[in-house]
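Below are the sequence and a predicted model for it; my questions follow.
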Amino acid sequence: MSKKLIYIAGPTAIGKTSIAIKLAKKLSTEIISCDSRQFYKEMAIGTAVPNKSELNTIKHHFIQDRSIKDPLNVGDFERLALKVISKIFCKSDYALMVGGSGLYADSIIFGLDDFPKISINTQNKLNILYKESGLKGLQQLLKEKDLEYYNTVDLNNHHRLLRALSVCLESNKPYSIFLGKSKSVRNFKTKIFILHESRELLYKKINLRVDQMISNGLEGECKSLIKLRHLRPLQTVGYNEFFSYLDGNFSREFIIEEIKKNTRRYAKRQITWLKKYKTAEWINPKDASANILTNL
């Protein structure tokens with residue numbers, strides 16, 4: 001039997017971790033996280049990493065295994081994760097990959113795309129635009145240059161916007177046309193399962209998760225990290241909003257509602273991204289592990 005990578009995808013808070021652990025137990029295998037927010041040991045509450053009990057139940061890879069001062073880019077993730085997957089396949093016919101960071105997942109499933117080399121001149125132009133016009137300036141230019149990618153990217157992630165715009169300006173073509181062009185040959189098959197349920201239920205889960213993060217001490221975690229707020233891993237939902245609160249710009253109640261709203265928006269973008277997986281199976285989280293096992 002050929003080796004098989006099972007990718008369990010879905011929007012944030014839908015329940016990917018618990019389902020993956022049930023599956024890993026049944027298949028006697030290990031879990032590779034492709035959630036880029038969960039790579040860092042300083043970020044625990046705001047990224048909803050698996051708890052100690054879950055981590056002790058099944059071996060996880062790329063969960064809080066590095067510092068935010070040593071960020072893991074997608075190219076390095078591809079290289080390191082493929083090595084881990086190869087080792088897992090020495091012991092099992094299956095490996096599980098779980099997470100909502102689409103670009104990191106794609107690097108394993110398809111390989112990285114072949115982009116044009118970006119000149120210093122283009123980089124400087126975009127850095128000036130960002131400095132003078134901020135995030136809105138980048139968002140507006142991307143909307144003009146590549147509406148397709150504009151509708152799927154995290155519009156609050158200025159690094160992603162700068163990267164896409166640099167390709168647009170350098171090539172005079174939309175960034176999105178470069179995505180999926182280069183296909184790497186893998187020595188394993190991939191089966192993709194996407195967890196999906198009604199928007200009402202998903203949004204309820206998101207709101208409850210944010211409330212739990214607040215109860216678990218998200219504010220304190222943000223206070224301890226505010227001096228490092230300039231680092232890329234911290235420029236994400238939950239942390240950005242609380243940093244603004246700690247700056248005295250907004251009330252605590254307003255910030256909590258903003259985190260919920262921005263997390264719901266993030267989930268919508270994740271769902272849009274996942275729709276491109278044409279061969280994936282969309283399943284309800286309820287009894288998902290049993291359903292996945294019968295469809296392998």
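Looks like it arrived, so ask away. Numbers count the residues shown, from 1 in each chain.

Show me where the stretch 151-296 of the chain has its helices.
Using DSSP state H, counting those that start in this stretch, the helices of the stretch 151-296 of the chain run over 158-171, 199-216, 218-225, 239-246, 252-274, 288-294.

go on, the stretch 1-150 of the chain?
16-27, 52-57, 74-89, 102-109, 120-145, 147-150.

what packs against the last one?
So the one you mean is helix 147-150. Judged by 3 or more Cβ pairs under 8 Å, 6 or more residues apart in numbering; DSSP states H and E, helix 147-150 is in contact with helix 120-145. For every residue, glycine as well, the C-beta is placed using N, CA and C.

quick one: the helix it packs on to helix 158-171, angle?
Here helix 120-145 runs at an angle of 100 degrees relative to helix 158-171 (axes from the mean of the first three to the mean of the last three Cα atoms, to 10 degrees).

Can you give me the buried ones in helix 120-145?
Across helix 120-145, burial judged by 16 or more other Cβ atoms under 10 Å covers 122, 126, 129-130, 137-139, 141-142, 145.

And stretch 65-84, by the same measure?
68, 72, 74, 77-78, 81-82.

quick one: which of those residues is nearest residue 231?
Using Cβ to Cβ, residue 68 comes nearest to residue 231 of these, at 5.1 Å.

OK, contacts around the closest one?
40, 42-43, 225, 228, 231, 233-234 (Cβ atoms under 8 Å, 6 or more residues apart in numbering).

do the same with residue 44
Contacts for residue 44 (Cβ under 8 Å, 6+ apart) come out as 64, 221.

any weak-confidence spans in the stretch 51-200 of the chain?
For the stretch 51-200 of the chain, the stretches with pLDDT under 70 are 180-183.

repeat that with 80
Scanning the stretch 51-200 of the chain for pLDDT under 80 picks out the ranges 113, 180-184.

picking up where we left off before, what would the helices of the stretch 1-150 of the chain look like in CSV with distance to residue 258?
Formatted as CSV, those follow (distance: least, Cβ to Cβ, whole Å):
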stretch, distance to residue 258
helix 16-27, 24
helix 52-57, 28
helix 74-89, 28
helix 102-109, 23
helix 120-145, 15
helix 147-150, 22
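
So for residue 239, which of those helices sits nearest?
helix 120-145 (15.4 Å).

Output the contacting helices and strands for the closest one.
Using 3+ Cβ pairs under 8 Å, 6+ apart, the elements in contact with helix 120-145 are helix 147-150, helix 158-171.

what's the spacing between that helix and its chain's center?
In terms of Cα atoms, centre = their mean, to the nearest Å, the centre of helix 120-145 is set 23 Å apart from its chain centre.

now stretch 220-235
Distance of stretch 220-235 from the chain centroid (Cα atoms, centre = their mean) equals 18 Å.

Is it correct that residue 277 is in contact with residue 192?
Yes: here residue 277 lies in contact with residue 192, judged by Cβ atoms under 8 Å, at a distance of 5.1 Å.

so what's in contact with the two at the same time?
Residues touching both residue 277 and residue 192 (Cβ under 8 Å, 6+ apart) are residue 9.

hang on, the earlier thing: would CSV of the helices and strands packed on helix 120-145 with mean neighbour count and distance to residue 34 be doable?
Listed next are the helices and strands packed on helix 120-145 as CSV, based on neighbours: other Cβ atoms under 10 Å; distance: least, Cβ to Cβ, whole Å:
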stretch, mean neighbour count, distance to residue 34
helix 147-150, 16, 20
helix 158-171, 19, 16
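
So which of these is nearest residue 55?
The closest of these to residue 55 is helix 158-171. By Cβ to Cβ, the value is 28.4 Å.
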